[in-house]
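[1] sequence first, predicted model second:
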Amino acid sequence: MPQALPATTIIAQLDRFRRTAPLTHVITNDVVTGFTANVLLALGAAPAMITAPEEAGSFAAIASALSVNVGTLTSAQAATIRIAVQAASRAGTPWVLDPVAAGVLPYRTELCQELLQQHPAAIRGNASEIMALAGQAAAGKGVDSANQSDQAIDAAKALATRSGAIVAVTGEIDYITDGERVVSIKAGDPLMTRVTGTGCALSSVVAAFVAGCPAEERLNAVASACAVMAIAGQRAAARAKGPGSFVPLFLDNLYLLDAITITEALA
Ligand SMILES: Nc1ncnc2c1ncn2[C@@H]1O[C@H](COP(=O)(O)OP(=O)(O)OP(=O)(O)O)[C@@H](O)[C@H]1O
Ligand SMILES: Cc1ncsc1CCO
Ligand SMILES: [Mg+2]
């Protein structure tokens, strides 16, 4: 049975995050780069999108966390990702994988499977992506999921056990697992699927939350990252007229999140 995440845990994790303002190295897709940087800044992290193959390795080694997303993968970017992930792995920088459209396209699916051997701290994807990475039949529709997140709980547990990563499978309900414990978050709003990049940005927020986090606290850190995004999304959607007004309200609500808003949202 999935457990709910207590508000006190989310508040403590967000407080640690804001006090440390983690330097977050992001190698992501062309669609969401600016939005992801703004989400991280609104919450209080320090994003840096360093993508040159000559620089990605040295930066991954000094960053507090690395986030890798294969959404608009090219062969040149795959080379950069390999350099960055290997450097992060060697330096002990926790890194997070967002396997966008894994299962739909063999090239990126093989790259994601290869990267799993480099000990990701966390993997965040939608249901179809997590099922595909776990080797189950999935029905991704391009970058979108055609599966419900609860269909992917077993796949998420198996993938966590195999990779050693915390796995977050997101959707209407988010499930986060270390292979044994499963935590669920029910907040968010369907409007979050009507703007691009909420999931992609979440993966970089997950990276920033695992920065400097002891291994035994990682499940709480990843789940708290999912919770802050979902809560801010829910609060923004309550006042938005549609996707256009949702985005600025979402950034404002990330910035304004505090103990009171978090406690209220989960009450
Ligand atoms: N139907 C829904 N109802 C409520 N919240 C939702 C719903 N779908 C997604 N969300 C919220 O949006 C977040 C992003 O998850 P989603 O699974 O849509 O990512 P994604 O498909 O990888 O997105 P993208 O590829 O556009 O970045 C979830 O963690 C959740 O908070
Ligand atoms: C729309 C889109 N296409 C490739 S990546 C991306 C962002 C959402 O995953
Ligand atoms: Mg995605």
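    The structure has been received and is ready for your questions. Ligands and ions are numbered 1, 2, ... in the order given.

[2] in the stretch 51-200 of the chain, what residue comes closest to ligand 2?
    Gly71 (2.8 Å; CB to the nearest ligand atom). Every residue, glycine included, has its C-beta placed from N, CA and C.

[3] how many neighbours does that residue have?
    Neighbour count for Gly71, taken as other CB atoms under 10 Å: 22.

[4] show me what contacts the residue of the stretch 151-267 of the chain found nearest ligand 3?
    Residue of the stretch 151-267 of the chain nearest ligand 3, by CB to the ion: Gly199 (3.8 Å). Residues in contact with Gly199, defined by CB atoms under 8 Å, 6 or more residues apart in numbering, are Asp98, Arg124, Gly125, Asn126, Thr170.

[5] re earlier: where does the residue of the stretch 51-200 of the chain closest to ligand 2 land in three-state SS?
    Counting by DSSP: H, G, I helix; E, B strand; the rest coil, the backbone at Gly71 sits in coil.

[6] quick one: contacts for the closest residue to it other than its chain neighbours?
    Leaving aside its chain neighbours, Gly71 sits nearest to Asn29 (2.9 Å; criterion: CB to CB, 6 or more residues apart in numbering). Taking CB under 8 Å, 6+ apart as the contact definition, Asn29 lies against Asn69, Val70, Gly71, Thr72, Leu73, Val100, Cys200.

[7] now do the same for the second one: its pLDDT.
    In other words, Val70. At Val70, the pLDDT value in this model is 98.

[8] number of nearby residues for Val167?
    Using other CB under 10 Å, the number of residues around Val167 comes to 32.

[9] distance of the residue positioned nearest the centre of the chain from Ala225?
    Nearest to the geometric centre of the chain sits Ser203, at 1.7 Å (CA atoms, centre = their mean). Between Ser203 and Ala225 the distance is 9 Å, computed by CB to CB, to the nearest Å.

[10] ditto for Leu41
    15 Å.

[11] now Ala160
    With distances taken as CB to CB, Ala160 is found 16 Å from Ala225.

[12] hmm, back to that, give the contact list for the residue nearest to the centre of the chain.
    Thr28, Ser67, Asn69, Val96, Leu97, Asp98, Arg124, Gly125 are the contacts of Ser203 under CB under 8 Å, 6+ apart.

[13] show me how to select, in PyMOL, the buried members of these.
    Command for PyMOL that selects the buried part of those, burial taken from 16 or more other CB atoms under 10 Å:
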select buried, resi 28+67+69+96+97+98+124+125
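
[14] looking at the contacts of Ser203, which is nearest ligand 1?
    Nearest to ligand 1 among these: Gly125, at 6.2 Å, using CB to the nearest ligand atom.

[15] quickly check: stretch 247-256 near ligand 1 or not.
    No: residues of stretch 247-256 are not located near ligand 1 by CB under 6 Å from any ligand atom, the shortest gap being 10.4 Å.

[16] make CSV out of the contacts of Gly199 and add distance to Gln234.
    Output for those, formatted as CSV (distance: CB to CB, whole Å):
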residue, distance to Gln234
Asp98, 22
Arg124, 19
Gly125, 21
Asn126, 18
Thr170, 14
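
[17] point out the ones among those that are inside strands.
    Asp98, Arg124, Gly125, Asn126, Thr170 (DSSP state E).

[18] which of those residues are close to ligand 1?
    Asn126, Thr170.

[19] quick one: which helix or strand includes the closest residue in space to Leu73 that isn't next to it in sequence?
    With CB to CB, 6+ apart as the criterion, Leu73 has its nearest non-adjacent residue at 5.0 Å, and that residue is Arg108. Assigned by DSSP states H and E, Arg108 belongs to helix 106-115.

[20] ok, that helix near ligand 1 or not?
    No: using CB under 6 Å from any ligand atom, helix 106-115 stays clear of ligand 1, coming no nearer than 13.2 Å.

[21] what does stretch 150-159 give?
    No: Stretch 150-159 lies out of reach of ligand 1 by CB under 6 Å from any ligand atom, never closer than 10.2 Å.

[22] how about that stretch: buried residues?
    Gln151, Ala152, Ile153, Ala155, Ala156, Lys157, Ala158, Leu159.

[23] tell me which of those fall in helices.
    In this view, these that belong to helices under DSSP state H are Ile153, Ala155, Ala156, Lys157, Ala158, Leu159.
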